[in-house]
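Trainee: with the sequence up front, the predicted model follows.
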Amino acid sequence: MDRLYSNGYCCSAADMNAPRSLRVFSRRAIVLVVAMLFACSGIGLGQKKQKLEKNYRDWLERDVSYIITKDERDAFLKLTTDEARDKFIENFWEIRNPTPEAPTNVFRDEHYQRLTYASEHFGRESGNDGWRTAMGRTYIVLGPPQQKQNYHDSQNLRPMEVWFYSNSHAALPPFFYLVFYREDNFSEYKLYSPAFDGPQKLVTQRGETRLQAWQTIEKNGSGQLAHIALSLLPDEPIDTQNATSSLDSDIMLGILHDLADHPLSVKELNLQRTRASVRASLVLTGETLGVLALPVRNSAGNTRLDYLLRLSKPEDFSLGEASGDRYYFNIGVRAEVYGTDNKLVFTQERSYTKNLTRDQYQRIKDRVFGFEGSLPLPPGNYHLEFQFTDWLKKVSYRVKQDVVVPQVPAKGLAVTEIVPFSIAKPVTNGDADSVPFSFGGVKFIPLLKRETNFSGGGQIKFFYQIWAPQPSTTPAPDQKLKVTYAYGRPGARQDSQKIEDEVSKAQFDANGSLLNGKEIPIGDWAAGNYKLVLTLQDPESPQEVFSNLNFRIFPGAAPLPSWEVDDSDDASKEAKAGLSDYQRGLCYMAHGENGLASNAFRSALGKDPKSQEALKALVDVEFLRQAYDELAKYVGQVELTDKTEERTILRLAESLNKAGNTKMAVNLLESGVKLKPASGPLYLTLAAYYGQLGDSKKAEEYTLKGKQIMSNRTSATP
């Protein structure tokens, strides 16, 4: 349950995105594919427009034609006054501004720089406006490529450019190529589709078969270019025997063509719109907001990261006064988890509004506010970015932290960071395993590093966790670990003191975790900086492990009293719904541990079979592992909906086909086209499988349907 903590005071707060191959077995089925959507020769509005002044028409049809959503376009066309249009344009850019506190809108400035560059550098061969070309469109949407290779000097290859992108948009692969080719020296560059165009489009010799053309590319270009001719995805295996291509590259091109309207793009835009509805000035320093990030293990043996965000002073937080002698607060917390490659793994969002009685207000008004949460992080290195927003003040504070969640030792021991705390109390409500900084039913209120200032006559209280491998047998009570606490002022050997202690191994839980702590009285110690070093040893092993804590002693020092809200209610719900398992799986994927990621996604789907995010992730990771048979066995447990991604359905069908069950693959695709009747790739793949089954009539029927859908989509404009 979400809670408010104030030392001894607690009350409830509950009332408040790497593809693999998708083989297509009938080349006749691939006649038109999504790549043609991207071969744009002109821009217009695919609907009847009311008359607009030229400046507004240019803004809609040129300036933002590739980045505006359909809903936004429709809303703009319904406006009846120039004042409303100006306000719409202002809001359009503002909700996309990543730094609203900055003097300029960096998103808008970057967009117009791309538009200008595209207009000036592309389309010169054909005399077309540069921003209308395939190259121009790509440059405006994605920006400049990370790498670019030119192939202009071969008599056997058509002039072409290969652009490489490292992408952060969740709807697109993390890495991909785009190929632009010209049919002669005077024509415009076209975007290449491996499935629709094929290697024949990239060679000058007419009449070559697909395989012959591919061999020409391999001989006269490079091995890398030969791979790209069959797949735009660097990690997708290619068919060098027949030079066939999957539909994965073309599905990616289709997503890119309609990126502004992709559900993930719209979801992120709506999130930005919500944030922009309340203006907050961002404070990009860690002085006001402090953070503690502690890797721990839960009762199931899984690692997680508990975090504390705490302000510096009581006046840093605002409490509003409502009618009826009541008070309230309104906060938002955003935690972004990045991998070692600085790519976003997932984002956790929290939002709470809480009403307080006058008595509650009196208890907390002079205390420092803190928020506690948990992130389901498996072992690995992470970069975390936290944003805490006080919506009543309209102020946000940001803080960053690099953390290492250590591996659970295969043998021996590990010890976590030493964490000083102000109080400890039993967890009386809700799921104790979902309460941050809670172990064995005991809840701790930790101190930040900047709060570890103490005065004589008090005491230092701290806790830590000991990690060991899962025990095969229950240790005997007389089996002990030796613990030594040595502390003093660095360089002042006369002040050094030592305490020796023992911990029974029988206290380890079933998964090999043990919570321990200590209270050390502070006598008349001299003022200054101190260091505490913990040494842990198993007498049965020569290994020693260490942890340490720095603190200060000076007269009158004492941490300010605090009160906290935690996210335990949300964390408990997410764990039961499988969201925590899904996020854990994303972390495993980011670290390349695909087998563990697969297990996590299966666990998530076991808790919520309708989770399309977990289904997509499981299918993608199993394709990375090439575990087609395992995925084929799983198909019967899958629930397809209209939210299931096209690529996910295709990959599930391919798994069945690879496992030798083409008939089940057909049945799956038949269900898919009922859910997604406008999907050309589904119809074309279905036609290919009917061809394999010898049903030429069905194959021809679905091939024609796929062609028609693709043709209709090709004629649609942004």
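Mentor: Here it is on my side, so go on. The model shown is predicted, which means the values in this text are computed figures rather than measured ones.
Trainee: check which helices and strands the host helix or strand of residue 425 is in contact with.
Mentor: Using DSSP states H and E, residue 425 sits within strand 419-426. Strand 419-426 sits against strand 442-446, strand 459-467, with contacts defined as 3 or more CB pairs under 8 Å, 6 or more residues apart in numbering; DSSP states H and E. All C-beta spots, glycine's among them, are computed from the backbone N, C-alpha and C.
Trainee: swap the cut-off to 10 Å and go again
Mentor: With contacts defined as 3 or more CB pairs under 10 Å, 6 or more residues apart in numbering; DSSP states H and E, the secondary structure elements packing on strand 419-426 are strand 3-6, strand 289-297, strand 438-439, strand 442-446, strand 459-467, strand 513-521, strand 544-553.
Trainee: give me the pLDDT value at residue 715.
Mentor: If you check residue 715, the pLDDT there is 36.
Trainee: ditto for residue 645
Mentor: pLDDT at residue 645 comes out at 88.
Trainee: just checking, it touches residue 254?
Mentor: No: with contacts defined as CB atoms under 10 Å, residue 645 does not count as touching residue 254, sitting 11.4 Å away.
Trainee: neighbour count: these two, which is higher?
Mentor: Neighbour comparison, residue 645 and residue 254: the larger count goes to residue 254, with 26 against 21 (by other CB atoms under 10 Å).
Trainee: surely the more buried one is within a strand?
Mentor: No: under DSSP: H, G, I helix; E, B strand; the rest coil, residue 254 falls outside any strand and is assigned helix.
Trainee: what touches both of residue 645 and residue 254?
Mentor: Here residue 645 and residue 254 share the contacting residues residue 262, scored by CB atoms under 10 Å, 6 or more residues apart in numbering.
Trainee: end-to-end on stretch 557-568?
Mentor: Between the start and the finish of stretch 557-568 there is a gap of 32 Å, counting by CA to CA, to the nearest Å.
Trainee: could you pull up the mean pLDDT of it?
Mentor: Per-residue confidence for stretch 557-568 averages out to 90 on the pLDDT scale.
Trainee: below-threshold pLDDT in the stretch 101-250 of the chain: ranges please.
Mentor: Residues of the stretch 101-250 of the chain meeting the criterion pLDDT under 70: 101, 168.
Trainee: for it, what spans make up the helices?
Mentor: Along the stretch 101-250 of the chain, counting by DSSP state H, counting those that start in this stretch, helices occupy 106-121, 134-142, 210-220, 223-230, 248-257.
Trainee: and those helices: which comes nearest residue 486?
Mentor: Comparing these by their distance to residue 486 (CB to CB), the top pick is helix 106-121, with 51.1 Å.
Trainee: pick out the residue nearest the middle of this protein.
Mentor: residue 346 (2.7 Å; CA atoms, centre = their mean).
Trainee: which element, helix or strand, includes that residue?
Mentor: Using DSSP H and E, residue 346 falls within strand 344-356.
Trainee: dump that strand to PDB, restricted to CA.
Mentor: In PDB, the C-alpha atoms belonging to strand 344-356 read as follows (Å, rounded to 0.1, in the frame of the first residue of the first chain):
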ATOM      1  CA  LEU A 344      16.600   4.000 -22.500                       C
ATOM      2  CA  VAL A 345      15.500   0.600 -21.200                       C
ATOM      3  CA  PHE A 346      12.200   1.600 -19.600                       C
ATOM      4  CA  THR A 347      10.500   4.400 -17.700                       C
ATOM      5  CA  GLN A 348       8.600   4.300 -14.500                       C
ATOM      6  CA  GLU A 349       5.900   6.900 -13.900                       C
ATOM      7  CA  ARG A 350       4.300   7.700 -10.500                       C
ATOM      8  CA  SER A 351       1.700  10.300  -9.700                       C
ATOM      9  CA  TYR A 352       0.000  10.900  -6.300                       C
ATOM     10  CA  THR A 353      -2.500  13.400  -4.900                       C
ATOM     11  CA  LYS A 354      -3.200  13.100  -1.200                       C
ATOM     12  CA  ASN A 355      -5.700  14.800   1.100                       C
ATOM     13  CA  LEU A 356      -4.600  15.500   4.600                       C
END
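Trainee: and the next helix or strand past it?
Mentor: Remark: after strand 344-356, the chain's next helix or strand is helix 358-364, criterion DSSP H and E.
Trainee: give me the helices and strands touching that next one, please.
Mentor: Using 3+ CB pairs under 10 Å, 6+ apart as the contact criterion, the neighbours of helix 358-364 among helices and strands are strand 3-6, strand 9-12, strand 326-338, strand 344-356, strand 562-566.
Trainee: name the residues of it that come out as buried.
Mentor: Neighbour counts over helix 358-364 (16 or more other CB atoms under 10 Å) mark 360-361, 363-364 as buried.
Trainee: picking up where we left off before, distance to residue 126 added to the helices and strands packed on helix 358-364, as a markdown table?
Mentor: Rendered in a markdown table, the data for those read as follows (distance: least, CB to CB, whole Å):
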| stretch | distance to residue 126 |
| --- | --- |
| strand 3-6 | 65 |
| strand 9-12 | 67 |
| strand 326-338 | 42 |
| strand 344-356 | 38 |
| strand 562-566 | 61 |
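Trainee: please identify the most buried of those strands.
Mentor: Burial of the helices and strands packed on helix 358-364 is given as mean neighbour count (mean count of other CB atoms under 10 Å); strand 562-566 ranks first at a mean of 25.
Trainee: and that one, how far out from the chain's middle?
Mentor: What separates the centre of strand 562-566 from the centre of its chain is 27 Å, taken as CA atoms, centre = their mean, to the nearest Å.
Trainee: any weak-confidence spans in the stretch 601-718 of the chain?
Mentor: Looking along the stretch 601-718 of the chain with the criterion set at pLDDT under 70, you get 710-718.
Trainee: leaving out chain neighbours, which residue sits closest to residue 62?
Mentor: Distance criterion CB to CB, 6 or more residues apart in numbering; nearest residue to residue 62, sequence neighbours excluded, is residue 131 at 6.4 Å.
Trainee: can you report how many residues lie near that neighbour?
Mentor: That count, for residue 131 with other CB under 10 Å as the rule, works out to 24.
Trainee: from what I see, it and residue 67 are in contact.
Mentor: No: distance between residue 131 and residue 67: 12.0 Å, which falls outside the contact criterion (CB under 10 Å).
Trainee: quick check: neighbours shared by the two?
Mentor: The contact lists of residue 131 and residue 67 share residue 140, where a contact means CB under 10 Å, 6+ apart.
Trainee: domain parsing for this protein?
Mentor: Segmentation of the chain into domains, based on automatic domain parsing, reads 3-15+278-571, 33-263, 572-715.
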